[in-house]
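In: Structure of the sequence below:
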Amino acid sequence: MKAAVYYETGSPEVFRYEDVPDPPVGENDILVRVEAVSIEGGDTLNRLGGDMRTVPHVVGYQCAGTVLATGAHAAAFAVGDRVVTVGIDGSHAELRAVPETFAWKIPDQLSTDEAACVPVPWGTADDCLFEFGHLVAGETVLVHAGAGGVGIAAIQLAKRAGARVLATASSNEKLERLKELGLDEGINYARDDFVAEARRLTGGRGVDVVVDSVGGPTLQGSLLALAYRGRCVTVGDAGRSRGEHMDISTMRPANQTLSGYFMGAELLLSPRPHALIGSHLASIARGELRVVIDRAFPLSQAAAAHAYIESRQSFGRVLLVP
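Out: Numbering: from 1, shown residues only. Below you'll find the model as predicted:
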């Protein structure tokens, strides 16, 4: 099969488009012909400096396509089913083998491209808001990186739940587009101090929940933007800065909470997220929620696609098409 691979981590230019062996299919696996790859934030971080299980390495969490074969003990899907899959790597390729428990059947009314964008960002957004953030109607949430995959999902889910929704983005144009998805107030982080703006927009009170996919120095600001008994959920390092020492001295007097979240752990250790993601696929298929796709690149242009994401120009998901 063809795949976008790299032999060492680094900038997008490390990608090579090469022939590699087809993935082996275990007895509980399904083999999928990949038709759409949604590039996740973790994919770009892994390419930049993450672990490489193999050399050459095929990166990628999430993709969708058609089942070509099933393992001896795999019974949830049939050859010809359209599915969306997740895994720790392997999406940037023409073929992918995953355990059937890490796949979902695509509803008939949903396109393969749209389905490819759902499990990681929508499952993450839902858990950050409700399972770990305990958001309820009438509260105020601040969503960082509102124009990204998790951000667009979180804005819609929070608004549907009856919350007031604030979000950050790098331009007024992105913030204006987010209003169509449920954004109440936008903060241009390239121009304004988001902590000061969040407090101004809440009359000095602060926000009840922060979904922080940026990390680094932004995470410290997220804590400072919290209201009394506020909850901050840190879910990523999209800002490319890691390992910063934090001052949490403001949290205890205000009875605040900081939680970490990684969807992969939830999928491995609990059946709950699998049903949750299935419900979001159904809701999107019914038109109740929206997937936003910015553009698609051929798989052979994985370097250009990753560079486009890292340029901060994208609004919504960026796809690769084998």
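In: Run a quick check on residue 102 versus residue 88, I expect a contact.
Out: No. Residue 102 is not in contact with residue 88 according to Cβ atoms under 8 Å; the separation is 9.5 Å. For the C-beta atoms, the positions are set from N, CA and C on the backbone; glycine is no exception.
In: who's more crowded, the two?
Out: Ranked by neighbour count (other Cβ atoms under 10 Å), residue 102 and residue 88 place residue 102 first, with 20 against 16.
In: Which parts of the protein are helices?
Out: 41-49, 112-115, 119-126, 149-160, 172-178, 194-201, 217-224, 263-269, 272-285, 302-310 (DSSP state H).
In: In TSV: those, plus mean pLDDT.
Out: Written out in TSV, the entries for the helices of the chain read as follows (pLDDT from 0 to 100):
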stretch	mean pLDDT
helix 41-49	94
helix 112-115	98
helix 119-126	97
helix 149-160	98
helix 172-178	97
helix 194-201	98
helix 217-224	95
helix 263-269	91
helix 272-285	96
helix 302-310	97
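In: now these in a markdown table, with distance to residue 249?
Out: Listed next are the helices of the chain as a markdown table, based on distance: least, Cβ to Cβ, whole Å:
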| stretch | distance to residue 249 |
| --- | --- |
| helix 41-49 | 29 |
| helix 112-115 | 44 |
| helix 119-126 | 29 |
| helix 149-160 | 28 |
| helix 172-178 | 32 |
| helix 194-201 | 16 |
| helix 217-224 | 10 |
| helix 263-269 | 29 |
| helix 272-285 | 34 |
| helix 302-310 | 34 |
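In: which stretch among the ones you listed comes nearest residue 317?
Out: Counting by Cβ to Cβ, residue 317 lies closest to helix 149-160 out of the helices of the chain; the figure is 5.4 Å.
In: got the angle between the closest one and helix 272-285?
Out: Between the direction of helix 149-160 and that of helix 272-285, the angle (axes from the mean of the first three to the mean of the last three Cα atoms, to 10 degrees) works out to 80 degrees.
In: Burial check on the nearest residue to residue 176 once chain neighbours are set aside, number of neighbours?
Out: Of all residues not flanking residue 176 in the chain, residue 186 sits nearest, at 7.5 Å (Cβ to Cβ, 6 or more residues apart in numbering). Applying the criterion other Cβ under 10 Å, we find 24 residues in the vicinity of residue 186.
In: again with the one 10 residues further on
Out: For residue 196, the neighbour count with other Cβ under 10 Å is 13.
In: Contact partners for the closest residue to residue 6 other than its chain neighbours?
Out: Setting aside the residues directly before and after it, residue 6 is nearest to residue 14 in space (Cβ to Cβ, 6+ apart), at 4.1 Å. Contacts were defined as Cβ atoms under 8 Å, 6 or more residues apart in numbering; by that measure residue 14 touches 6, 7, 8, 47, 303.
In: what about 10 Å?
Out: Residues in contact with residue 14, defined by Cβ atoms under 10 Å, 6 or more residues apart in numbering, are 5, 6, 7, 8, 47, 48, 57, 302, 303, 306.
In: circling back: pretty sure the residue nearest to residue 176 is touching residue 197, no?
Out: Yes. Contact criterion Cβ atoms under 10 Å: residue 186 and residue 197 qualify, at 9.2 Å.
In: joint contacts of those two?
Out: For the pair residue 186 and residue 197, residues contacting each of them under the criterion Cβ under 10 Å, 6+ apart are 166, 168.
In: any idea how far the residue nearest to residue 176 is from residue 216?
Out: Here residue 186 is placed at a distance of 21 Å from residue 216 (Cβ to Cβ, to the nearest Å).
In: Next: residue 228.
Out: When Cβ to Cβ is the yardstick, residue 228 and residue 216 sit 25 Å from each other.
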